[in-house]
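Engineer: got a sequence here, can you model it:
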Amino acid sequence: MPMPISRRTFALGLAAGAATTALPSPAAASPAGAEPFFAESTLWDSAVDPLASYHVHALAVLPDDTILACTEGRHLVCDAGPHDLLIRRSTDKGQTWSPSEAVALSVDGQSWSNPTFVVDRVTSEVFLLYGLCVQLPENTSCSADSSTMYVTSSKDGGATWSERRSLAGLFDHFPYNWAMHGPGPGHGIQLDSGRLILTVSHRTIISGVPTTERHYGASTLYSDDHGSTWQAGGEVPMAAGYPTVGEARLVQREDGTVVMNSRPGSGNDWPRDIAVSVDGGLTWSPPTMDFSPGLFNGVDTSLLRYTGGPRSRDVNRMLFSRPDAPMRWNMTVAVSYDEGYSFRYARSVNPGRGYYSDLARLSDGTIVLLYGCDGDLDGTPRRVAAARFNLEWVTQGRDSLATGPKLTEMTHDLGRTAVRARRSGGTASVVSEATARGGARAAFAPAATGDFIEYPFIVAARSREQELWLRYYRSGDGGLMAVTVDGKTPRNSTLDLTSFRGDGYDVVLLDRMRLRPGLHTIRFTLAGAGRGGGTAISLDQLSLIQASAAPDVREEVTVDNGGLGFDTTGTWPSSRGVFGYYGFNYLTHARGTGANLARWRPALPGDDRYEVLVSYAADPNRATNAPYVVHHAEGTTPVAVNQKVRGVPEARMGEWISLGTFPFRAGLDGYVELSDAADGVVIADAVRFRRQARA
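Structural biologist: Reported below is the predicted structural model:
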């Protein structure tokens with residue numbers, strides 16, 4: 001029988017979508033045909049201002065459009081050093097700003113940290129929550145051991161602030177020996193119930209405590225009496241197999257549920273963590289990872305309800321800001337039309353270094369982004385900027401508050417209907433999971449390669465081109481899956497469901513296809529073992545999108561050293577000494593005999609021609625003939641690369657040289673290999689497989 005159909009009014013992001021009816025025009029829209037605009041102001045700059053660093057920020061827009069920006073003013077480039085909390089205000093929508101003023105001044109080395117605003121839109125009072133960090137005497141690191149939370153508030157738009165109140169003891173009942181309590185940072189939200197709520201990250205002391213025993217976690221803090229009193233909400237479940245959660249943001253979905261989107265760790269590149277609450281933050285679902293925004297450095301990001309939400313008739317839009325690179329580079333803002341399950345359009349705000357960020361919205365729809373940028377350090381920015389731009393600028397004219405995004409979406413639940421789907425073998429079950437888009441995902445365990453599970457689905461719209469998006473689950477035992485639609489192979493037909501750094505959800509645009517109204521079938525077949533050796537297939541939802549403009553999708557696969565699909569023989573030391581590499585580091589090997597190999601094996605989504613590009617950190621001691629070998633569908637092609645010569649820099653990191661364009665089969669057959677049989681040091685960094693554009 002056909003799967004249940006969910007109809008909504010708008011659509012997706014780098015994943016799923018929205019509806020089957022035209023979008024209503026919002027009541028308070030910007031003028032039709034509004035021109036894209038972008039402007040930026042520097043609020044703090046360590047090269048000009050007196051302190052060593054300005055890092056970790058908070059942003060708020062009050063009901064009268066007063067903008068408040070707060071940052072840690074760091075006397076030393078150190079997380080636990082002396083910090084002031086500094087505020088600047090704008091009463092003209094960000095065109096000019098007041099001088100910097102301290103709301104908490106460091107005395108005798110006090111370390112004030114993690115500023116977080118929460119605005120009560122009923123009373124117009126704004127609350128600022130923050131911590132006072134302390135190091136134990138034996139702690140010689142740059143991280144604190146414990147902290148106490150405080151709250152202050154302003155009833156005059158941030159011009160003056162109340163005496164701070166201690167919130168000590170609110171988290172003592174948790175059974176994890178938490179000593180650090182970091183609000184936000186950034187901003188909390190007000191739910192449709194009126195509740196004020198924000199996230200708090202926690203851990204134990206670090207002195208004498210191994211990393212594995214520090215109990216990194218997150219909970220919430222809330223007020224139901226307009227900030228008069230504050231109470232601890234529930235913690236995100238912590239257990240073996242769950243990802244750790246840290247600095248996080250909250251957003252309320254149209255159905256009233258609250259989502260916590262958090263960073264899972266520091267260093268290297270990670271997906272995000274997602275947990276869901278159905279009771280306003282009092283309890284949380286187990287966290288799962290969300291691969292849809294891509295992999296990027298552990299960093300505080302921002303998630304903002306831009307339009308729509310509970311009881312709203314407006315388009316559901318969320319905004320997401322983060323560095324779009326494996327490390328802290330290329331600050332980017334993306335927009336979602338499916339409640340944050342995916343992000344359809346994205347635009348780079350600054351291709352240079354990008355750090356922590358926070359988002360807010362003015363009453364006319366102007367977007368405000370506060371973010372750290374520039375400088376030479378991995379962990380802290382040179383300056384803090386406030387950018388202002390509109391929706392038209394982010395989407396490059398593909399959406400506006402006046403006309404809407406012109407998207408429709410029909411979703412088909414693959415999770416709850418799994419036991420009724422047709423199978424050729426194996427077993428199927430339903431896994432209830434709050435982070436699944438339909439509340440459950442299908443778990444298919446094939447008995448052998450070639451086994452499939454097949455779903456019927458209905459196309460209700462008139463015959464026109466549809467985008468077919470699949471939300472699926474990646475796990476350590478994931479298999480290699482082939483997809484067909486009505487027996488035909490879509491452009492992206494082959495997916496490796498193996499997870500990277502943790503289990504969670506991902507999305508893919510299978511194809512743009514012209515489908516007649518009526519009944520169709522989609523089949524998922526085990527094509528072989530995934531790169532982790534597993535064979536499991538797990539599915540969430542199929543979305544059909546009709547759209548007037550194409551989404552922002554990169555048709556390329558990048559395999560970095562240390563990432564999924566990379567392996568070596570022999571010992572390849574890690575280095576970060578020469579800039580120009582992709583990701584967290586690169587590997588090196590001295591001139592040798594060819595016995596030591598590095599190999600990059602991608603999971604390619606379809607049979608096609610792909611340009612193969614390699615990144616490396618060039619230096620005078622490098623080989624002039626680094627021996628790459630491309631293994632493709634028609635054989636092998638050796639290509640010698642002079643690694644003394646720099647490649648072409650790219651905003652998402654790396655400096656790239658093309659090895660040529662070659663035919664590859666879908667799946668795991670193709671790969672690139674590099675040996676040490678060269679006349680100098682060889683560098684193993686990253687390899688990118690860029691698909692040729694659709695004819």
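Engineer: helices along the stretch 501-650 of the chain, start to end?
Structural biologist: In the stretch 501-650 of the chain, no segments count as helices under DSSP state H, counting those that start in this stretch.
Engineer: now do the strands in it.
Structural biologist: Along the stretch 501-650 of the chain, counting by DSSP state E, counting those that start in this stretch, strands occupy 504-515, 518-529, 537-547, 556-560, 566-569, 574-575, 586-589, 597-600, 608-615, 626-632, 635-641, 648-649.
Engineer: can you tell me which of the ones you listed is nearest to L86?
Structural biologist: strand 648-649 (33.8 Å; CB to CB). From N, CA and C alone the C-beta is placed, and that goes for glycine too.
Engineer: what pairs with the closest one, and is each one parallel or antiparallel?
Structural biologist: strand 655-664 (antiparallel) (DSSP bridges).
Engineer: which is the next helix or strand following the partner strand?
Structural biologist: strand 671-675 (DSSP states H and E).
Engineer: touching the helix or strand just after that next one from outside, list them.
Structural biologist: Proceeding N to C from strand 671-675, the next assigned helix or strand is strand 682-684, under DSSP H and E. With contact meaning CB atoms under 8 Å, 6 or more residues apart in numbering, strand 682-684 is reached by 561, 568, 572, 581, 586-589, 591, 598, 616-617, 622-623, 626-627, 643, 674-676.
Engineer: which strands and helices lie in contact with the helix or strand hosting E392?
Structural biologist: Using DSSP H and E, E392 sits in helix 391-395. Packed against helix 391-395 by the contact rule (3 or more CB pairs under 8 Å, 6 or more residues apart in numbering; DSSP states H and E) you find strand 329-336, strand 345-361.
Engineer: please parse the protein into its domains.
Structural biologist: Domains of the chain are assigned by automatic domain parsing as 38-405, 408-547, 556-691.
Engineer: export the ones you listed to TSV and tack on mean pLDDT and mean neighbour count?
Structural biologist: Converted to TSV, the domains of the chain look like this (pLDDT from 0 to 100; neighbours: other CB atoms under 10 Å):
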stretch	mean pLDDT	mean neighbour count
domain 38-405	96	20
domain 408-547	96	20
domain 556-691	97	19
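Engineer: how about the strands of the stretch 501-650 of the chain in a markdown table, adding distance to C373?
Structural biologist: Listed next are those as a markdown table, based on distance: least, CB to CB, whole Å:
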| stretch | distance to C373 |
| --- | --- |
| strand 504-515 | 29 |
| strand 518-529 | 43 |
| strand 537-547 | 32 |
| strand 556-560 | 24 |
| strand 566-569 | 30 |
| strand 574-575 | 26 |
| strand 586-589 | 24 |
| strand 597-600 | 31 |
| strand 608-615 | 23 |
| strand 626-632 | 34 |
| strand 635-641 | 32 |
| strand 648-649 | 17 |
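Engineer: ok so, going back, among the helices and strands packed on helix 391-395, which is nearest I458?
Structural biologist: strand 329-336 (25.0 Å).
Engineer: and the contacts of that closest one?
Structural biologist: 12-14, 293, 306, 317-324, 342-354, 357, 359, 367, 369, 371, 373, 391, 394-395, 399, 651-653.
Engineer: give the contact list for V200.
Structural biologist: V200 sits in contact with 149, 171, 181-184, 218-221, 232, where contact means CB under 8 Å, 6+ apart.
Engineer: from G182, how far off is it?
Structural biologist: In this structure, V200 and G182 are 7 Å apart, going by CB to CB, to the nearest Å.
Engineer: ok, the nearest residue to E254 once chain neighbours are set aside to I189 distance?
Structural biologist: Spatial nearest neighbour of E254, excluding adjacent residues (CB to CB, 6 or more residues apart in numbering): N316 at 5.6 Å. In this view, N316 and I189 are 15 Å apart by CB to CB.
Engineer: I figured P649 hits G580, correct?
Structural biologist: Yes: using CB atoms under 8 Å, P649 makes contact with G580 at a distance of 7.4 Å.
Engineer: joint contacts of the two?
Structural biologist: With CB under 8 Å, 6+ apart as the test, P649 and G580 both reach E655.
Engineer: ranges for the strands of the stretch 201-350 of the chain?
Structural biologist: Using DSSP E, counting those that start in this stretch, the strands found in the stretch 201-350 of the chain span residues 217-223, 231-235, 248-252, 258-262, 269-270, 272-277, 288-290, 296-297, 302-307, 317-323, 329-336, 345-361.
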